[in-house]
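>>> got a structure for you, letters missing:
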C-alpha cells in the first residue's frame, strides 16, 4: 500500500472525469501532478498541486480547476474534506478508516511494506569505494562505502536488480610504489636497516606484508635489481592489500558482488575495443588541445594527441585518450571499464567518487553517453570529506598508518551500526562532522541511538503486553478491534508511517539514501513524543492495564512503527535493537 500514490490515482481519475464531462479540455499532461504532505499539517492530511500545474494547459484559473476537482473528490468515501487554499492548492482530509488501513497494510506486508516496482527490474551497477590497493581504508572511504551500500539496498528495495562493484586500481604507477615499499619491509624483515624515501608508503601495515614476502621467497630477492622482484612483489602486495580492504569492508557490513581489476584492461585489447567503438562513431581524432587556463603562450607547447570528442556529448573540452609518447592517459582505461559495464548489460550506472573527482564527472558522462548511444545514464555521486572530532578537537592520529584514521579504527571505537548511520546523516555532497563523543551519547542529539531506542522501546512494551497475556503478533493485532486514533500524536505517527513508501520512492528516484536516515529520525521523534505524552495521559500508554482490546489496538500502531523502523534500518545496514543498555 502506498497511500500517497493511491490518492494521487484518485486525483488523476477525477481529473479524467472532469475531462469527460467537458469541465477540462482533453489532452492534459498530468505527470507533474503530485500528492504530498502539506507544509502545515493544520491545513490537512495531503495536498495536491493539480490545479496549479494544469491551469496554463487548460487555459483556466487554478482556483476554478481546484473547486471542480474538490467537488469530485468529496464523492469518495476516503475524503472527508477538500478545501482550496491560496491561488489553487487543494488540501485534503482523509477518513479515520484510511489511517486504520495504513496500520493494517503494514502489519500484513511486514518487511515488504514500502517496497515498490519503481525499478521495474532494471539492472543497476553501483561502483563504490574503489580505493587504491596501497594501504588500509581511511574514514573518507568509509563514507563512500556506507553511502554506496545503503544506496544499493535502497535501489533493491525499490525494484531494481543491483550489482555492488569495486574497481581495483591496480594498473597504475601507485602499485609499483606499493611493491617498492613492501620490498623495503621485506629487507627489514631480514634485519636490514631501511629508509622510506618520499613517495613510498611508510605505514606499519606493510610490516606484515614484508614478513609474508620473506616467508614466500626467503632471501632470493636480497640485493637483487627491481626486474627480478618488482612484478611478483607488486602482485603479492596487491593481493595482501585487497585482503585487508575486504576485511575492513566486512567489518562495516559491506559485501561486494564484483571486484574488477583495472590491470585486466591492459594487454587484452579491451581499451582498444572501447576506443574503437568511439572511433567508429567519428568521435576519435588526432588534434591539439587549447592551453590550460592560466598558461601563457610561451609556457605552452602544443602537441598532437589522440582525442575523444567529448564535447559532442556535453563535455566542456575534448579529452586526450593517448599521450604523445603513445601511452594511454588515465582516462582511456576508465572508458574501457565503463564500456565493459555497458557490454555486461547494465541499464543504469552509478559511480560514487571522492569530492576531488569533480572534474572527472562531465568527461565520464560524455564517454558513457557516447558508448551507449545515450541509452545508459551515468549518475556520479561525489562524497565530501569527513571531519573527525574527539574531545572537541579534530582527530587525525592512526597507529596503523601514522597520518590518517582508518576505517577499522572508527569501527573499533564506535561499532559498525553507529558508523553507518552517522555517515548517512548528511547529504553526500555536504561536509560531515563525525564527533566521537556525541555518537556515543544516549540522547536525542545522537541520531542512531535515538532511532534504535525507538525500536527498543516498542520491543519493551510488546514484551510487557505479552507478560500480561496479550498477544501482539501481527495476526492477532489484525484481528483485534481497530483504534480510531483520535489523539493528535497518534495521528501524527500514522501519517508518518503512511509516508514511508513515498519516501522510499523519492530516495530511490534521486539516489539519495540519506533521506531514509532523515525519515527514521523524524519517525523516532513522533514515537518518542507519543510515549512521553503517555507519561502525563495514561489513556495514551501502549499497554492499557486490564483492557486487552485497548492494548491490542495501540500495540497495532506501535508494532507497525517498529516494522517500518526495522525496514528503514535494514536499508541503512543498521541493526534494529531489541534492548538498549
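Now that the structure is in, tell me what you want to look at. Just so we're clear, the structure is a prediction, and the values are computed from it rather than from any experiment.
>>> drop to CA atoms for contacts and neighbour counts, all remaining ones
OK.
>>> Might you report the residue contacts of the spatially closest residue to residue 141 that is not a sequence neighbour?
Spatially, and ignoring its direct neighbours in sequence, residue 141 is nearest to residue 129 (5.8 Å; Cα to Cα, 6 or more residues apart in numbering). Counting by Cα atoms under 8 Å, 6 or more residues apart in numbering, residue 129 makes contact with 141, 142, 144, 145, 148, 166, 167, 352, 353.
>>> The same query, at a cut-off of 6 Å, please.
141, 144, 145 (Cα atoms under 6 Å, 6 or more residues apart in numbering).
>>> ranges for the strands of the stretch 351-500 of the chain?
378-383, 386-390, 393-394, 432-435 (DSSP state E, counting those that start in this stretch).
>>> one step back: could you export the contacts of residue 129 to a markdown table, including columns for pLDDT, neighbour count and distance to residue 214?
Shown next, in a markdown table, are these (pLDDT from 0 to 100; neighbours: other Cα atoms under 10 Å; distance: Cα to Cα, whole Å):
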| residue | pLDDT | neighbour count | distance to residue 214 |
| --- | --- | --- | --- |
| 141 | 93 | 23 | 30 |
| 144 | 96 | 26 | 35 |
| 145 | 97 | 27 | 33 |
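>>> follow-up on the earlier one: and the strands of the stretch 351-500 of the chain, which is most packed in?
Comparing the strands of the stretch 351-500 of the chain by mean neighbour count (mean count of other Cα atoms under 10 Å), strand 378-383 comes out on top with a mean of 21.
>>> gap between stretch 379-396 and the chain center?
Distance of stretch 379-396 from the chain centroid (Cα atoms, centre = their mean, to the nearest Å) equals 17 Å.
>>> now do stretch 266-276
32 Å.
>>> Show me what it is in contact with.
With Cα under 6 Å, 6+ apart, stretch 266-276 has contacts from 333, 336.
>>> and the residue nearest to residue 141, what pLDDT?
What the model reports as pLDDT for residue 129 is 95.
>>> Surely it is in a strand?
No - with DSSP: H, G, I helix; E, B strand; the rest coil as the criterion, residue 129 is located in coil rather than a strand.
>>> So which residues of the stretch 101-250 of the chain form strands?
123-127, 161-168.
>>> ranking the ones you listed by burial, who's on top?
On a mean-neighbour basis (criterion: mean count of other Cα under 10 Å), the most buried of those is strand 123-127, at a mean of 23.
>>> What pairs with that one, parallel or antiparallel?
strand 161-168 (parallel), strand 348-354 (parallel) (DSSP bridges).
>>> if we can go back for a sec, kindly reformat the strands of the stretch 101-250 of the chain as CSV containing distance to residue 266.
CSV is the format used below for the strands of the stretch 101-250 of the chain (distance: least, Cα to Cα, whole Å):
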stretch, distance to residue 266
strand 123-127, 20
strand 161-168, 13
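>>> Determine the number of other residues adjacent to the residue lying closest to residue 244 once chain neighbours are set aside.
Excluding its sequence neighbours, the residue lying closest to residue 244 (Cα to Cα, 6+ apart) is residue 136, at 6.7 Å. Neighbours of residue 136 under the rule other Cα atoms under 10 Å: 27.
>>> Same check on residue 511?
Count around residue 511 with other Cα under 10 Å applied: 21.
>>> need the contact list for it.
Residue 511 neighbours (Cα under 6 Å, 6+ apart): none.
>>> Any idea which residue is closest to the centre of this protein?
Centroid-nearest residue in the chain, with Cα atoms, centre = their mean: residue 151, separated by 2.9 Å.
>>> quick one on the thing from earlier: residue 334 is nearest to which of the strands paired with strand 123-127?
Taking Cα to Cα, strand 161-168 is the member of these nearest to residue 334, at 10.0 Å.
>>> what does the closest one rub up against?
121-128, 130, 256-262.
>>> Which residue in these has the weakest pLDDT?
Within the contacts of strand 161-168, lowest confidence goes to residue 130 (92).
>>> number of nearby residues for it?
21.
>>> how near is it to residue 335?
16 Å (Cα to Cα, to the nearest Å).
>>> ok, back up a step: between the strands of the stretch 351-500 of the chain, which one is nearest to residue 407?
That would be strand 386-390 among those, by Cα to Cα, at 11.6 Å.
>>> hmm, what's the outermost residue in the protein?
The C-alpha centroid of the chain is most remote from residue 223, which lies 49.4 Å away (Cα atoms, centre = their mean).
>>> Tell me the confidence at residue 197?
For residue 197, the model assigns a pLDDT of 83.
>>> now do residue 453
So, for residue 453, pLDDT stands at 96.
>>> residues near it, how many?
Residue 453 has 23 nearby residues by other Cα under 10 Å.
>>> Just checking: what are the partner strands of the worst-scoring helix or strand of the chain on mean pLDDT?
The helix or strand of the chain with the lowest confidence, counting by mean pLDDT, DSSP states H and E, is strand 393-394 at a mean of 87. Strand pairing for strand 393-394, using DSSP bridges, gives strand 386-390 (antiparallel).
>>> Got the domain ranges for the chain?
With domains defined by automatic domain parsing, the chain comprises 3-94, 174-238, 447-572.
>>> Distance from the second one to the middle of the chain?
Relative to its parent chain, domain 174-238 has a centroid offset of 38 Å by Cα atoms, centre = their mean.
>>> what's the span of that domain from first residue to last?
For domain 174-238, the end-to-end distance is 11 Å (Cα to Cα).
>>> now swap in the longest one and tell me
When the termini of domain 447-572 are compared using Cα to Cα, they are 13 Å apart.
>>> show me the contacts for residue 94.
78, 79, 80.
>>> filter these to the buried ones?
78, 79 (16 or more other Cα atoms under 10 Å).
>>> quick one: which of the contacts of residue 94 sit in strands?
79, 80 (DSSP state E).
>>> Let me see the ranges of the helices in the stretch 151-300 of the chain.
Secondary structure of the stretch 151-300 of the chain, counting by DSSP state H, counting those that start in this stretch: helices at 174-189, 205-217, 226-251, 270-280.
>>> Determine which stretch of those is the most buried.
For the helices of the stretch 151-300 of the chain, the highest mean count by mean count of other Cα under 10 Å goes to helix 174-189, at a mean of 23.
>>> before we move on, the earlier item: return the closest of the contacts of residue 129 with respect to residue 235.
The closest of the contacts of residue 129, once distances to residue 235 are taken by Cα to Cα, is residue 141, at 22.7 Å.
>>> Low-confidence stretches in this structure?
294-299, 396-403 (pLDDT under 70).
>>> ok, and the closest non-adjacent residue to residue 252?
residue 416 (5.1 Å).
>>> Tell me if I'm right that the one you found and residue 250 touch.
No - between residue 416 and residue 250 there is no contact under Cα atoms under 6 Å: 9.8 Å.
>>> Relative to residue 189, how far out is residue 251?
For residue 251 relative to residue 189 (Cα to Cα), the value is 29 Å.
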